[in-house]
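> mind folding the following:
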Amino acid sequence: MKASYFSKKNVVCLLVIGCSIVINWVTLFNSYTHISIGLATTIYHVQPFLVFFGGALFLRESLSKHRLVYVCIAFAGVLLIVNPGGESQDSNYLVGCGLALFAAFFYAVATIATKKMDKIPPHIVALSQMAIGVVVLLPLANFDKLPSTAVQWSLVLTLGVVHSAIMYIMIYSAYQKLPTSKIAVLGYVYPLMAVAVDYLYFGRALNSLQVLGGVMIIFSGLMGTLNANPFVRKTKAVNI
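Here you go, the predicted structure:
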């Protein structure tokens, strides 16, 4: 590894990313114990908005009107997919909502910090994040409740290798190449995939509103990626 990867700026960013992701994990998973996963998912996905505006504030990226519209359409699609309802607004409800908001905020912080770094390979970012996660979470681990079967251990290893290490390497590679406005729009693909897997693997049928929400997310992601701007009027060339 090159020494230039660990400049003062990069080290600070890596620490911010690692700590932010750990806080994100803890707060998001804790929110699931207070409110429904559907409602927590909805609240959590305010983070593309935070990334969108954070990019303009800290990275001086332009606030394009059309991409903001696509972010709003995608968020509306998430609302249709998860269809939260029937939650009583007691103290437990408020705690769950607050935890989901904290999780969204710290994920947005990690995304902005990734964009702030000088060029550094994504696998180093992921490795640093995992290392910080181990140090911070190790004191909280309950070693009396470890997996007891080979199947359980294989699932844990799959979560660690595929859904953490490989996934974050791919994510950080993309974050370094995309503007925050595109990251914000594409961030809504996650809940869409969650619903799709829920249907394909667990056989939970989608209702018409959920299908509409999925279409809205796909439309927003496609238009945002193609940078299609409906606010720009195309003028026809006139031959004289």
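> quick one: contacts for the spatially most central residue of the chain?
The chain has G187 as the residue nearest its centroid, 5.5 Å off, counting by C-alpha atoms, centre = their mean. For G187, the contact set (C-beta atoms under 8 Å, 6 or more residues apart in numbering) comprises H45, Q47, P48, V51, A74. Bear in mind the C-beta positions are built from the backbone N, C-alpha and C, glycine included.
> the helix ranked longest in the chain - contacts with which helices or strands?
The longest helix of the chain (DSSP state H) is helix 91-116. Counting contacts by 3 or more C-beta pairs under 8 Å, 6 or more residues apart in numbering; DSSP states H and E, helix 91-116 is packed against helix 8-31, helix 37-44, helix 47-58, helix 167-175, helix 180-186.
> which of the residues in it are buried?
96-97, 99-115 (16 or more other C-beta atoms under 10 Å).
> can you check stretch 52-63 too?
So, applying 16+ other C-beta under 10 Å, buried residues of stretch 52-63: F52, F53, G54, G55, E61.
> any idea of the pLDDT on the closest residue to the first one other than its chain neighbours?
Counting by C-beta to C-beta, 6 or more residues apart in numbering, A184 is the residue found nearest to F52 once chain neighbours are left out, at 4.0 Å. Predicted confidence (pLDDT) at A184: the value is 74.
> any idea how far I218 is from I183?
17 Å (C-beta to C-beta, to the nearest Å).
> more neighbours, these two?
I183 (23 against 15; other C-beta atoms under 10 Å).
> which one is the more buried one nearest to, not counting chain neighbours?
Nearest to I183 is V51, by C-beta to C-beta, 6+ apart, at 5.7 Å.
> isn't that neighbour right up against I112?
Yes. Applying C-beta atoms under 8 Å, one finds V51 in contact with I112, separated by 6.9 Å.
> shared neighbours of those two, anything?
T180.
> next, give phi and psi for the residue nearest to the centre of the chain.
Note on G187: backbone dihedrals following degrees, to the nearest 10 are phi -60, psi -20.
> just L63 next, same as before
phi -90, psi 90.
> give the contact list for it.
Shown in contact with L63 (C-beta under 8 Å, 6+ apart): F52, F53, A56.
> now do 6 Å
Counting by C-beta atoms under 6 Å, 6 or more residues apart in numbering, L63 makes contact with A56.
> if we can go back for a sec, I'd like the distance between the residue nearest to I183 and N142.
Taken as C-beta to C-beta, the span from V51 to N142 is 33 Å.
> what does V78 give?
For V78 relative to N142 (C-beta to C-beta), the value is 33 Å.
> neighbour count: those two, which is higher?
More crowded of V78 and N142, by other C-beta under 10 Å: V78, with 26 against 6.
> and the helix or strand the more buried one falls within, what's buried?
Element membership of V78 [criterion: DSSP states H and E] is helix 65-82. Residues of helix 65-82 classed as buried: 66-71, 73-82 (neighbour count, 16+ other C-beta under 10 Å).
> can I get the contacts of G187 in JSON lines including distance to I21 and pLDDT?
JSON lines is the format used below for the contacts of G187 (distance: C-beta to C-beta, whole Å; pLDDT from 0 to 100):
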{"residue": "H45", "distance to I21": "17", "pLDDT": "76"}
{"residue": "Q47", "distance to I21": "12", "pLDDT": "81"}
{"residue": "P48", "distance to I21": "16", "pLDDT": "78"}
{"residue": "V51", "distance to I21": "14", "pLDDT": "82"}
{"residue": "A74", "distance to I21": "23", "pLDDT": "78"}
